[in-house]
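Q: structure of the sequence below:
(one chain, ligands or ions: 1)
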Amino acid sequence: MVSLEEVYMGDAIIFYSWSGHCLYVAAKLAEKTGSDLFVLKDDHRKGLLNIVFQGGYRAHKQHHTELACDVPDLSTYKCVTLVAPVWFGYPAPAFNNVVDALPLGSTVKVILVSDSGKSNHEPVEKQLDRHGFKVLEFTDMKQPKHIKDLNDLSYTLEEPCGQ
Ligand SMILES: Cc1cc2nc3c(=O)[nH]c(=O)nc-3n(C[C@H](O)[C@H](O)[C@H](O)COP(=O)(O)O)c2cc1C
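A: Purely as a prediction, here's the structure:
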């Protein structure tokens, strides 16, 4: 007998995007799969220098960043897809906020978006392994060229900060 709760447990997609590409990828995927779409926002709009120096350092160290609000509780979802840009080979720091917020042993998919379509897999795989995550997919992709088409996508963001 399947409980009502189980019937309604779909997938979640959670993304961070500084310049729009991951938003596009995540929104397109949500549109295609009917998944719930969650956004992670910086506590304030960060400039390029901040991103390059502080962001790059934190990405490399697999540290957190300051977000506008806590990572939402995604523990009721069967699978969570994390979408993040690559900064100096590593996922942008907001990715680490999500990894640490998810319950141990979560089932996840990872999509890393970059100019080159390449990232430093090994440390990320180790990080996910330390959390006992079951990784269904780990995809590196080149950033889409046409994010200007974002307006053509129909997507709904789950309210950030639960407001
Ligand atoms: C600080 C910084 C570091 C980056 N480092 C890399 C990198 O190491 N390899 C790469 O292919 N692209 C790199 N990029 C490009 C981004 O990964 C790429 O533009 C991505 O699509 C941005 O996603 P967003 O538009 O959702 O923020 C970097 C971009 C920034 C701002």
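Q: and the helices in this structure?
A: Ranges of helices in the chain, per DSSP state H, are 4-8, 21-33, 48-50, 56-61, 94-101, 121-130.
Q: dump these into a markdown table; add mean pLDDT, distance to the ligand and mean neighbour count as well.
A: For every residue, glycine as well, the C-beta is placed using N, CA and C. Conversion of those to a markdown table gives the following (pLDDT from 0 to 100; distance: least, CB to the nearest ligand atom, whole Å; neighbours: other CB atoms under 10 Å):
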| stretch | mean pLDDT | distance to the ligand | mean neighbour count |
| --- | --- | --- | --- |
| helix 4-8 | 46 | 29 | 8 |
| helix 21-33 | 93 | 3 | 21 |
| helix 48-50 | 95 | 7 | 11 |
| helix 56-61 | 98 | 5 | 16 |
| helix 94-101 | 98 | 10 | 22 |
| helix 121-130 | 98 | 13 | 14 |
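Q: for residue 14, which of the ones you listed is the nearest?
A: helix 94-101 (5.7 Å; CB to CB).
Q: over to stretch 113-121 now: how far is its first residue from its last?
A: The first and last residues of stretch 113-121 sit 13 Å apart, counting by CA to CA, to the nearest Å.
Q: ah, wrong one, I meant stretch 52-60
A: Stretch 52-60: ends 11 Å apart by CA to CA.
Q: contacting residues around that stretch?
A: 46, 63, 64, 65, 87, 88, 89, 90, 91, 92, 93, 96 (CB atoms under 8 Å, 6 or more residues apart in numbering).
Q: mind doing that once more with 7 Å?
A: The set of residues external to stretch 52-60 that reach it, using CB atoms under 7 Å, 6 or more residues apart in numbering, is 46, 65, 87, 88, 90, 91, 92, 93.
Q: which ones are touching the residue nearest to the second one when sequence neighbours are not counted?
A: Nearest residue to residue 65 in three dimensions, chain neighbours excluded: residue 93, at 3.8 Å (CB to CB, 6 or more residues apart in numbering). With contacts taken as CB under 7 Å, 6+ apart, residue 93 has the following neighbours: 55, 58, 59, 63, 64, 65.
Q: quick one: pLDDT of residue 93?
A: Listed pLDDT for residue 93 reads 98.
Q: still on that earlier bit, next step: the contacts of stretch 52-60 restricted to strands.
A: Under the assignment DSSP state E, those contribute 87, 90, 91 to strands.
Q: quick check, the last one in contact with residue 124.
A: This means residue 91. Yes: with contacts counted by CB atoms under 7 Å, residue 91 reaches residue 124, the gap being 6.4 Å.
Q: any low-confidence regions in the protein?
A: Scanning the chain for pLDDT under 70 picks out the ranges 1-9, 162-163.
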